[in-house]
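Kindly generate the corresponding structure for this input.
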Amino acid sequence: MKIIGLTGGIGSGKTTVAKLFKELGVPVYNSDLRAKKLMKNSKEIRTAVMDLLGKDSYVLEKLNKKYIADKVFNNKELLQKLNEIVHPAVRNDFLRWVKSRKAAYVIQEAAILFENNSYSNFDKIILVKAPKQVRLERIIARDNGAKEEILARMENQWDDSKKIPLSDYIIENIDLDQTKLQVQQIHQQLTKIVA
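Numbers count the residues shown, from 1 in each chain. Presented below is the predicted three-dimensional model:
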């Protein structure tokens, strides 16, 4: 079974592309959702996060996402330390998940696949990209976020120009019909590689 990484900057449309692959019957692991679940359910991770960021990281045993985001997104050192707590747990969870799947290939959706240097764990990588202004508009519409806050989050991710040479497939996600077509073409190629 091949393991495919699906990545892209915030607002690029990774989740939309992942959904299109799911519709084709491809198992997709969403790293962000699983990380949040692990941060909520793992006592070990919860303790490590509170030791790093403070007791306010959790409210009534629920992850205080706003508090954590405010702490780490303008502090690269804290963000890196948080990633060092969460990413190994996500990797182990993903490997367990893969063992329970029967498919020609599986996809792991991960926003910072290059930034955390895990891209070498994949057989192929799909990069989802869109112009910065389009991404910004999508995030503002989706999250009702402040422009400055979103730009700060974008700054913590590599620019697409660094990701393109390391990617096997690139999906330009501006028009949904074109995106669907690109997903189908990549799916056909990946299915051939595995066959």
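
What is the burial count for Met39?
Counted with other Cβ atoms under 10 Å, residues neighbouring Met39 total 22. Backbone N, C-alpha and C define where each C-beta goes, glycine included.

C-terminal to the top helix by length along the chain, what's the next element?
Longest helix in the chain by number of residues (criterion: DSSP state H): helix 76-99. Heading C-terminal from helix 76-99, the first helix or strand you meet, by DSSP states H and E, is strand 105-109.

Against which helices or strands is that following strand packed?
strand 2-7, helix 14-23, strand 28-30, helix 31-41, helix 176-194 (3 or more Cβ pairs under 8 Å, 6 or more residues apart in numbering; DSSP states H and E).

avg pLDDT for stretch 70-87?
For stretch 70-87, the mean pLDDT works out to 88.

Repeat that for stretch 113-130.
Averaged across stretch 113-130, pLDDT comes to 91.

got a list of contacts for it?
For stretch 113-130, contacts defined as Cβ atoms under 8 Å, 6 or more residues apart in numbering pick out 2-9, 11-14, 17, 83, 87, 91, 105, 107-108, 110, 138, 156-158, 160, 162-164, 166-174, 186, 190, 193.

make it 6 Å
2-8, 12-14, 17, 83, 87, 158, 160, 163, 166-171, 173-174 (Cβ atoms under 6 Å, 6 or more residues apart in numbering).

tell me which residues in the least confident helix or strand in the chain by mean pLDDT are buried?
Every helix and strand of the chain was ranked by mean pLDDT, DSSP states H and E. The lowest is helix 147-155, at a mean of 78. Residues Glu149, Ile150, Arg153, Met154 are the ones in helix 147-155 that count as buried (16 or more other Cβ atoms under 10 Å).

quick one: that helix to chain centroid distance?
Distance of helix 147-155 from the chain centroid (Cα atoms, centre = their mean, to the nearest Å) equals 17 Å.

now the angle between helix 76-99 and that helix, please.
On the basis of axes from the mean of the first three to the mean of the last three Cα atoms, to 10 degrees, helix 147-155 is oriented at 60 degrees to helix 76-99.

hang on, the earlier thing: turn the helices and strands packed on strand 105-109 into a markdown table, columns for mean pLDDT.
Putting these into a markdown table (pLDDT from 0 to 100) gives the following:
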| stretch | mean pLDDT |
| --- | --- |
| strand 2-7 | 96 |
| helix 14-23 | 96 |
| strand 28-30 | 96 |
| helix 31-41 | 92 |
| helix 176-194 | 92 |
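
Identify, out of those, the most deeply packed stretch.
By mean neighbour count, with neighbours taken as mean count of other Cβ atoms under 10 Å, strand 2-7 ranks first of these at a mean of 22.

And that one, what does it pack against?
Counting contacts by 3 or more Cβ pairs under 6 Å, 6 or more residues apart in numbering; DSSP states H and E, strand 2-7 is packed against strand 105-109, strand 124-129.

Average pLDDT for the shortest one, rounded please.
Along strand 105-109, the predicted confidence averages to a pLDDT of 96.
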